[in-house]
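Visitor: pasted the sequence and its predicted model underneath.
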Amino acid sequence: MEELHQRICLVHYHEIGLKGRNRSDFEKRLLKNVEALVVDYPVVTIHRISGRLCVFLREGCDLETAMEVAATIRGVPGVARVSCGFKCERDLEVMGKVAVNALSECDDFDTFKVHARRNHTDFETDSMQMNQIVGAVLCKAFPEKGVKMKSPDVTVTVEVVQSAAYIYARSDRGVGGLPVGVSGKVMCLLSSGIGSPVSLWRMARRGAIPIGVHFSGRPQTADTSEYLVDDIAKVLEKTGCIARVYVVPFGDYQKEIALTAPPSLRVIMYRRLMFKVAEELAKRERAGALVTGESLGQVASQTLDNIRATDEAVDMPVFRPLIGTDKLEIIEEAQRLGSFDISSQDAPDCCTLFMPRNPETHAKMPEVLAAESALPVDEWVAELADAAEPHDYACPSYRPPKARRS
Ligand code: ATP
Ligand code: MG
């Protein structure tokens, strides 16, 4: 059987709305993103074939490895579905044998059907005839299984293209969305909490290149949160969803605010300063927006008044992908993403340090601005942005900004 086929993963994406130049940019970006993530697997090459990507696996690659490759690719933004199967020659007898092979690799099914199609009429057998011919071979090879046209357990797909046939029985959904790199850069405020990694990932899934900025309580607290953020970034890196994280040692500045500002306004003032520093870093990176993991009403700082008071600190648009989500939904999404267990560990991040007993829930702008005017905020923003330590992660579409002259 070995000489008859080559193992492949077919990567499907939604073509809706993809036209002209957009479409070719999308496909090239997706190909590069997928390529970078499978370097450690036995992959020979990846081709674009009629509206999908075909990942060719090395000879002798087993099902288990192929499924691992498929699982990795399914998590890549832009991928709607990944099918695991074989490429073979356009010969009905060979195609029948390969279909048997493909179906024999499925476990736990009672019913199946064949779904054949050709995208060129230069193959003389039409799809109806292919269904019958391949179907007959499968019925003979799997006499104990039933054929079912409506919602069978397994569908054996046979696709005939110009120079080859692709046959697969295993196919699973991907995360969908757009390839990272087609929508520009965003600067994401990344705590080691549950929400912000999810909000960052959601922006990656819409094609943005996420850059994180983490405010650490260092030197006033331990650097535990920095390690957790690094672990979270490594999870996001597995699917190419993060390019860089700036770690900002924020402890001394928080202490200054805590010493001078009215206790009830402290949290808002920390947050305004964080936003301003994030905006400065975003400008240096040429990122177009800030992103946070806030959800309306979840904690004291996330009331409408307080959200407005922090937005007022910056000119850039601030996106909050989780604003209308419920805590449980966020937890479930973090679990799917693989960041939840890391985020559940305790770390004294800068927001737990110097927490006032009664934080303001309805900040009034004049009071906030008055308190802030007593502090050298512009100077601090420049100092903190200069002190930010970049940590890089693999993201093929990311280009770092040119080094600044000091
Ligand atoms: P999360 O689960 O993302 O930590 P949260 O529900 O704990 O959110 P807050 O702690 O008020 O809420 O934080 C709201 C948002 O502010 C976070 O989602 C994140 O975007 C940003 N943020 C909070 N703390 C930090 C930090 N130390 N560094 C960077 N961003 C932060
Ligand atoms: Mg938090």
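Guide: Yes, it's here. Because the structure is predicted, anything quoted here is derived from the model rather than measured. Numbers count the residues shown, from 1 in each chain. Ligands and ions are numbered 1, 2, ... in the order given.
Visitor: ligand 2 contacts on the stretch 251-400 of the chain?
Guide: Nowhere does the stretch 251-400 of the chain come near ligand 2, counting by C-beta under 5 Å from the ion. Using the backbone N, CA and C atoms, a C-beta is placed for each residue, glycine as well.
Visitor: so which residues of the stretch 251-400 of the chain form strands?
Guide: 290-291, 318-319, 389-392 (DSSP state E, counting those that start in this stretch).
Visitor: name every strand pairing with the longest one and say which way it goes.
Guide: I take that to be strand 389-392. Sheet pairing here is set by DSSP bridges, and for strand 389-392 it gives strand 244-249 (antiparallel).
Visitor: quick one: residues in contact with the partner strand.
Guide: The list of residues contacting strand 244-249 from outside it, by C-beta atoms under 8 Å, 6 or more residues apart in numbering, reads 190, 211-216, 218-219, 226, 229-230, 233, 277, 281, 384-385, 387-393, 395, 398, 400.
Visitor: from the residues you listed, list the ones also adjacent to ligand 1.
Guide: When contact is defined as C-beta under 6 Å from any ligand atom, the contacts of strand 244-249 meet ligand 1 at 190, 214, 215.
Visitor: check which helices and strands the lengthiest helix in the chain sits against.
Guide: Ranked by residue count and defined by DSSP state H, the top helix of the chain is helix 266-285. Under the contact criterion of 3 or more C-beta pairs under 8 Å, 6 or more residues apart in numbering; DSSP states H and E, helix 266-285 touches strand 185-189, strand 209-216, helix 251-260, strand 290-291, helix 304-311, helix 365-373, helix 377-387.
Visitor: in a markdown table: these, plus mean pLDDT, mean neighbour count and distance to residue 157.
Guide: As requested, the helices and strands packed on helix 266-285 are exported to a markdown table (pLDDT from 0 to 100; neighbours: other C-beta atoms under 10 Å; distance: least, C-beta to C-beta, whole Å):
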| stretch | mean pLDDT | mean neighbour count | distance to residue 157 |
| --- | --- | --- | --- |
| strand 185-189 | 98 | 26 | 37 |
| strand 209-216 | 98 | 28 | 34 |
| helix 251-260 | 94 | 17 | 57 |
| strand 290-291 | 98 | 26 | 38 |
| helix 304-311 | 92 | 18 | 48 |
| helix 365-373 | 94 | 14 | 60 |
| helix 377-387 | 98 | 15 | 52 |
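Visitor: these: which one's closest to residue 40?
Guide: strand 209-216 (22.3 Å; C-beta to C-beta).
Visitor: quick one: the closest one to chain centroid distance?
Guide: Relative to its chain's centre, strand 209-216 lies at 15 Å (C-alpha atoms, centre = their mean, to the nearest Å).
Visitor: secondary structure class for residue 55?
Guide: Three-state assignment for residue 55 (DSSP: H, G, I helix; E, B strand; the rest coil): strand.
Visitor: for the one 10 residues further on, same thing?
Guide: The three-state label given to residue 65 by three-state DSSP is helix.
Visitor: hang on, it packs against residue 41?
Guide: Yes. Assessed by C-beta atoms under 8 Å, residue 65 is found in contact with residue 41 at 6.9 Å.
Visitor: shared neighbours, those two?
Guide: What both residue 65 and residue 41 touch, as defined by C-beta under 8 Å, 6+ apart, is the set residue 57.
Visitor: alpha carbons of the strand ranked longest in the chain, in PDB - could you do that?
Guide: Of all segments of type strand in the chain, defined using DSSP state E, the longest is strand 165-176. Output of strand 165-176 as PDB, limited to C-alpha atoms (Å, rounded to 0.1, in the frame of the first residue of the first chain):
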ATOM      1  CA  ALA A 165      -6.600  13.000  -6.100                       C
ATOM      2  CA  TYR A 166      -7.000  13.900  -2.400                       C
ATOM      3  CA  ILE A 167      -8.800  11.400  -0.200                       C
ATOM      4  CA  TYR A 168      -9.600  11.800   3.500                       C
ATOM      5  CA  ALA A 169     -11.900  10.600   6.200                       C
ATOM      6  CA  ARG A 170     -10.700  12.500   9.200                       C
ATOM      7  CA  SER A 171     -11.600  16.200   9.300                       C
ATOM      8  CA  ASP A 172     -11.900  18.600  12.200                       C
ATOM      9  CA  ARG A 173     -12.800  22.300  12.700                       C
ATOM     10  CA  GLY A 174     -10.100  24.900  13.200                       C
ATOM     11  CA  VAL A 175     -10.300  28.200  15.100                       C
ATOM     12  CA  GLY A 176     -11.400  30.200  12.000                       C
END
